[in-house]
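Peer 1: Got a sequence here, can you build the structure:
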Amino acid sequence: MKDSTYFQYPFNMSEISHEYGENVHLISDPLLMSWLTQLSSPKTQQPAITHLVRELYASLLRTVIARETPRIAVQEDIRMVSVTPKGVWQGEVLDPSTRYVTVDIARAGTLPSQIAFELLNTVVNPEGVRQDHLYMNRATNEAGEVCGINHTGSKIGGDIDNAVVLFPDPMGATGASMSDALKIYKKLPGGKPAKLITVHLIITPEYIRTIQTDHPDTVIYALRLDRGMSSEEILGTRPGTHPEQESGLNDVQYIVPGAGGVGEILNNSFV
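Peer 2: Sure thing, here's the model as predicted:
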């Protein structure tokens, strides 16, 4: 007998409401917000920051994978089948044939991408999971302002035909680096991806505008939206209500309040 309970069952994700559209998801989770607050503190250095980033991304990625992976119906014998023919479970699980590619945008994205790679190998067939590497960084002028992106190399292991492509990168500031990364993957030969998904700890309104302008098909997940350079009046409004008046970047394009150089602190390399 089939129990209908576990067919087409819901997965409810807690989100902060906003006006940015259906492709933007701001996760609402007080435990993760508490950890992110600890991570952002100037008192938090190694080894605590690595532990916090690992815990935050493990939790975020579980939500993203559960929500974005297709499901299939299964019928599995359970240990109880040895004593009763009713020891069979039927229901929906994540489709193990789903292809996934996780992209490490060095250097802040290296640890989050590795976490995604390890987690995905326990969920879907490992033969269908790949990790790629992009080497990119901000180019700045003498005033310290961002004036472009340096793309110094990549290790891309194949096509992305019908794959879910994840870009787990902690900070989404201007969106310029991520937009370039998405362009690289859209130009790969050999088919179209099933989905392009970015996964962040913190993003800004400027980041959302850049990605939605350049890549409106991309799905954005983030734990926190920082718009600390906005006026007090705007900070009292629902996010996305007045997007042209929202700002989360200072004069040299660093996030406010932000977390202050996650890539530098993770690697103990302040260049």
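Peer 1: Show me where this structure dips below the pLDDT cut-off.
Peer 2: Low-confidence segments of the chain, defined by pLDDT under 70, span residues 1, 137-153, 271.
Peer 1: And the strands in it, which stretches?
Peer 2: Read by DSSP state E, the chain holds these strands, from start to end of the chain: 24-26, 71-77, 88-94, 99-106, 129-140, 146-155, 163-168, 171-172, 195-203, 219-225.
Peer 1: Mean neighbour count added to the ones you listed, as CSV?
Peer 2: Any C-beta I mention is one placed from the backbone N, CA and C, and that applies to glycine too. Formatted as CSV, the entries for those read as follows, by neighbours: other C-beta atoms under 10 Å:
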stretch, mean neighbour count
strand 24-26, 21
strand 71-77, 12
strand 88-94, 15
strand 99-106, 24
strand 129-140, 18
strand 146-155, 13
strand 163-168, 26
strand 171-172, 26
strand 195-203, 25
strand 219-225, 23
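Peer 1: Nearest to F117, out of these?
Peer 2: The closest of the strands of the chain to F117 is strand 129-140. By C-beta to C-beta, the value is 4.4 Å.
Peer 1: circling back: could you export the strands of the chain as a markdown table, including distance to P189?
Peer 2: As requested, these are arranged in a markdown table below (distance: least, C-beta to C-beta, whole Å):
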| stretch | distance to P189 |
| --- | --- |
| strand 24-26 | 30 |
| strand 71-77 | 29 |
| strand 88-94 | 28 |
| strand 99-106 | 15 |
| strand 129-140 | 15 |
| strand 146-155 | 15 |
| strand 163-168 | 14 |
| strand 171-172 | 28 |
| strand 195-203 | 16 |
| strand 219-225 | 23 |
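Peer 1: and stretch 84-102, how far from the chain's centre?
Peer 2: When C-alpha coordinates are averaged (C-alpha atoms, centre = their mean, to the nearest Å), stretch 84-102 and its chain have centres 24 Å apart.
Peer 1: Run through the helices of the protein in chain order.
Peer 2: In the chain, the helices defined using DSSP state H lie at 30-40, 48-68, 110-120, 176-186, 205-214, 232-235, 262-267.
Peer 1: Skipping its backbone neighbours, what lies nearest the residue most central in space within the chain in space?
Peer 2: The central residue of the chain, meaning the one whose C-alpha is nearest the mean C-alpha position (C-alpha atoms, centre = their mean), is V199 at 0.9 Å. The shortest distance from V199 to any non-neighbouring residue, by C-beta to C-beta, 6 or more residues apart in numbering, is to P168 (4.4 Å).
Peer 1: I211 contacts Y221, doesn't it?
Peer 2: No - because the distance of 11.8 Å does not satisfy C-beta atoms under 8 Å, I211 is recorded as not touching Y221.
Peer 1: Give the residues shared as contacts by these two.
Peer 2: In the contact map built from C-beta atoms under 8 Å, 6 or more residues apart in numbering, the residues linked to both I211 and Y221 are T198.
Peer 1: okay, now I156: neighbour count?
Peer 2: Residue crowding around I156 was assessed by other C-beta atoms under 10 Å; the count is 15.
Peer 1: again, but for N162
Peer 2: 12.
Peer 1: wait, doesn't it sit right on G128?
Peer 2: No - shown here, N162 and G128 do not form a contact pair, counting by C-beta under 8 Å, at 10.1 Å.
Peer 1: so what sits against both of those two?
Peer 2: The overlap between the contact sets of N162 and G128 (C-beta under 8 Å, 6+ apart) consists of R99.
Peer 1: got the end-to-end distance for stretch 98-114?
Peer 2: The stretch stretch 98-114 measures 18 Å between its terminal residues, going by C-alpha to C-alpha, to the nearest Å.
Peer 1: Distance from that stretch to the middle of the chain?
Peer 2: For stretch 98-114, the distance to the chain centre is 9 Å (C-alpha atoms, centre = their mean).
Peer 1: go on, stretch 205-222?
Peer 2: 12 Å.
Peer 1: Mind listing residues that contact that stretch?
Peer 2: Here stretch 205-222 makes contact (C-beta under 8 Å, 6+ apart) with 20-21, 23-27, 60, 63-64, 68, 172-176, 178-179, 182-183, 186, 195-203, 225, 227, 230, 239-240, 243, 246-249.
Peer 1: for stretch 37-45, same thing?
Peer 2: Here stretch 37-45 has contacts from A48, I49, L52, V53, L56, L201, P257, G258, A259, G260, V262, I265, using C-beta under 8 Å, 6+ apart.
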